[in-house]
Structure formats: C-alpha cells, structure tokens
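A.B. asks: predicted model, plus sequence, below.
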Amino acid sequence: MSLVSGPGRGGITDARLPQELRLFVDKHVSYIQSLDTRKDELEYWLTEHLRLNGLYWGLIAVHLLGHPDALPRNEVLDFVLSCMHENGGFGAAPGHDAHMLYTVSGVQILATLDAFDELEERVKGGRQKIGHYIASLQNSATGTFAGDEWGETDTRFLYGALNALSLLGLLSLVDVDKAVEHIQSCGNFDGGYGNSPGAESHSGQIFACLAALSIAGRLDLVDRDKLGAWLSERQLKNGGLNGRPEKKEDVCYSWWVASSLAMIEKLHWIDGDRLTSFILSCQDPNLGGFADRPGDIVDVFHTVFGIAGLSLLKYPALVEVDPVYCMPLAITKRILGK
Ligand code: 3PZ
Ligand code: ZN
C-alpha cells in the first residue's frame, strides 16, 4: 500500500488507518506544549543548556503539524530576545554565553515567527548585530567557522552561519567562496563528506555540507550519483536509516539522510513507505513525541526530526518542510523569495 497516494486515503487523524500507520498529531502537540510547563522537574533544568535549540525544535514541530499557534508567540519572542547579547550572539538561555548554534536557532525562530521587524524595534540595528557576530566567527584564511570566540571549528557551524545569514539577507558579510572551498576539501572518495579533510563520511556532516552548498548555490560541485548511492545504503531492513556503515538506525537520521537525498533529488532511491512505517513506530502513542528508535524515551529533538522526515516523505496533511533549513517551505520561500 502506498502511503502517499491512492484513492480513499484520509487525513492524518483518519481512524480508518491501521494503528501502526497513524500519526498522533494532537498527542505530539500537547507533548511539545508540556515541555515548558514542567519547570518543577529536574529534567527541565538539566536541559537548560539546550533551551533555545529546544524551543526551535518544538516550534518547527508544531508548525509542520499544522498547529503554528500551539506555542504563545509573544512569550516565545520575549524569551528569544532575552537570550540575545549586546554583541549580537545568542545563548541557550538568559545569562548563558553566546554561541553559534543558539544564534542560528534564535534567527530561525525569529524568521519562523516573521519577527525581524519586531527585532529591529526592540534592538536597534539587531539584524546587523547578529550578522556581524556570526561573521566574526569566520576564519578568513580557511573559510571555516568557530562556534564561539574560543575556537573549535565544525562544518555544522559553517552550515549554521550560512543558514542564519541567508535568512537575515546578510550573506555578503562573509567569504562564501572560501567556505565552499573548505567544504570541498572535506569531500571523500565515497561521495560523502566528513567534519574535516580526510575524516570519515558521516550523514550529519553530509547534511551540513550539502545544505551549505545549496545556500551558496554550489550543489553543482556534488557527485550526486556516488553520494546518492552511499546515502541510500543507509536504509536497514527495518526501514530505518543509520548515520554511517555498521551503526544502528535512529529517527534523527531519517532527517539527515532523507533531506540530503532530497537536496540531490534522489529521495526516491530509498523505500519511502518503509521509512515512514519505521518513523511512525518511534512515536509514543500515550505521551506523544518520538524516540530515536521504537520503545526508547521520547525527546523534542527526535520529535521534530521524525516529523520533518515524514513531511519530506509527503505524509498526508503535514506542512511541507524545506530540506535545507528544516523550516516550513512556505516561510523560507517568503523570506528568500524562492
Ligand atoms: C541529542 N545534541 O549534543 S546534544 C540532542 N543528540 O545537545 C538533543 N541521536 O543526551 C536531544 N544521539 C537528544 N532533546 C539528543 C542534540 C546532539 C544530538 C544526541 C543524539 C541524537 C542520537 C546520541 C548533537 C544538532 C544539534 C546538536 C546535535 C546534533 C544536531 C544528549 C546528548 C547530546 C545532546 C543532547 C542530549 C541524550 C534532545
Ligand atoms: Zn538521534
């Protein structure tokens, strides 16, 4: 049975779907809403160092589920701006040090809320400040980006920088050509990419490198057949995808691998129905949310990437996701004029 077409297919909450093919939309929305109301629980404070990222993951999840107003816009906006520093960077929570990863989440949330004008009203020159913070993290000799002023570089930071700067309309603040050269130097003979020249190919790094090349308009540099073959070998018998050879399947790789395949127009090289079934089997039908694999404990990270994976696979009634930004496609189109 095809999951994406054919007569008589109902919506996502269609009770006629067999239990194992249903997406528990309302459960997932309440799970995400509950994350911010459990402040008396230890886990809430243990994850404080992830708060702004967690908010981005939750916000994107409810948008893709078709419930964009499930989180209170004004509170979200106040919280994001309370994480912003004078230098334009964002921390994970108020009082936490600024870092590239949180700054990217901050920009993605502001973009999703269509709040760049409010940013300017509340922080004079806010967009430029953020842009200059990100640009200050580029090494002009190598094209790479550090996560913070202390140094360590990572292709995830390079991708994050191009992601946020493109949404801000400020890509011209950095040396995109040098960044592209660095990505090329991370390419391997198997068609994939690693975190640094010579490092083993890994799906997470491949996603970061492809998405960065896409933003730079340089997907022409990719060996699509070779990379598509490597990526499609990530699908295991149970339908799930792993991050590299010999590793276990994990719902988040449904996103890193499938979005990479989508960017090179090879998503049809994996079995979408079997991947859909695997992702759905990772839901918690009672609490809501998705785990890394069936039976494990759910978290907001695997929840957004599970839902985003289903969206790429055109699961009925989900909002279409942009494989490069992991945001609703309608929003990135509005901002980037695609
Ligand atoms: C998870 N981070 O380093 S983390 C993350 N992982 O901040 C968030 N799949 O304790 C959550 N593994 C859960 N909520 C896990 C984000 C990691 C990825 C770990 C993971 C996911 C398997 C082991 C790195 C974007 C941003 C960050 C990452 C990847 C992509 C952890 C472990 C690590 C982290 C957080 C919690 C389970 C949630
Ligand atoms: Zn995972």
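C.D. replies: Sure, I can see it. Ligands and ions are numbered 1, 2, ... in the order given.
A.B. asks: name the helices or strands packed onto whichever strand or helix holds Tyr56?
C.D. replies: Assigned by DSSP states H and E, Tyr56 belongs to helix 51-64. Helix 51-64 sits against helix 25-34, helix 73-82, helix 100-112, helix 300-312, strand 327-328, with contacts defined as 3 or more CB pairs under 8 Å, 6 or more residues apart in numbering; DSSP states H and E. No exception for glycine: its C-beta is placed from N, CA and C like everyone else's.
A.B. asks: C-terminal to the third one, what's the next element?
C.D. replies: So the one you mean is helix 100-112. That would be, after helix 100-112 and using DSSP H and E, helix 116-122.
A.B. asks: for that next one, output the C-alpha coordinates as CSV.
C.D. replies: What follows is helix 116-122, C-alpha atoms only, in CSV (Å, rounded to 0.1, in the frame of the first residue of the first chain):
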residue,chain,number,x,y,z
PHE,A,116,12.5,40.6,12.1
ASP,A,117,10.7,43.9,12.3
GLU,A,118,10.0,43.5,16.0
LEU,A,119,13.7,42.6,16.5
GLU,A,120,14.6,46.0,15.0
GLU,A,121,12.0,47.8,17.1
ARG,A,122,13.3,46.2,20.3
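A.B. asks: and it, what's buried?
C.D. replies: For helix 116-122, burial by neighbour count (16 or more other CB atoms under 10 Å) applies to 116, 118-119.
A.B. asks: need the pLDDT of the spatially closest residue to Leu173 that is not a sequence neighbour.
C.D. replies: In space, and not counting its chain neighbours, Leu173 is closest to Ala135: 4.1 Å by CB to CB, 6 or more residues apart in numbering. We have a pLDDT of 98 for Ala135.
A.B. asks: what's the pLDDT at the closest residue to ligand 1 within the stretch 1-150 of the chain?
C.D. replies: At 5.4 Å from ligand 1, Leu50 is the closest residue in the stretch 1-150 of the chain, using CB to the nearest ligand atom. Looking at Leu50, its pLDDT is 90.
A.B. asks: tally of neighbours for it?
C.D. replies: Leu50 has 18 neighbouring residues, counting by other CB atoms under 10 Å.
A.B. asks: what sits against it?
C.D. replies: Residues in contact with Leu50 (CB atoms under 8 Å, 6 or more residues apart in numbering) are Ala92.
A.B. asks: so Leu81 sits against Val123, correct?
C.D. replies: Yes: proximity of Leu81 to Val123 meets the contact threshold set by CB atoms under 8 Å, at 6.9 Å.
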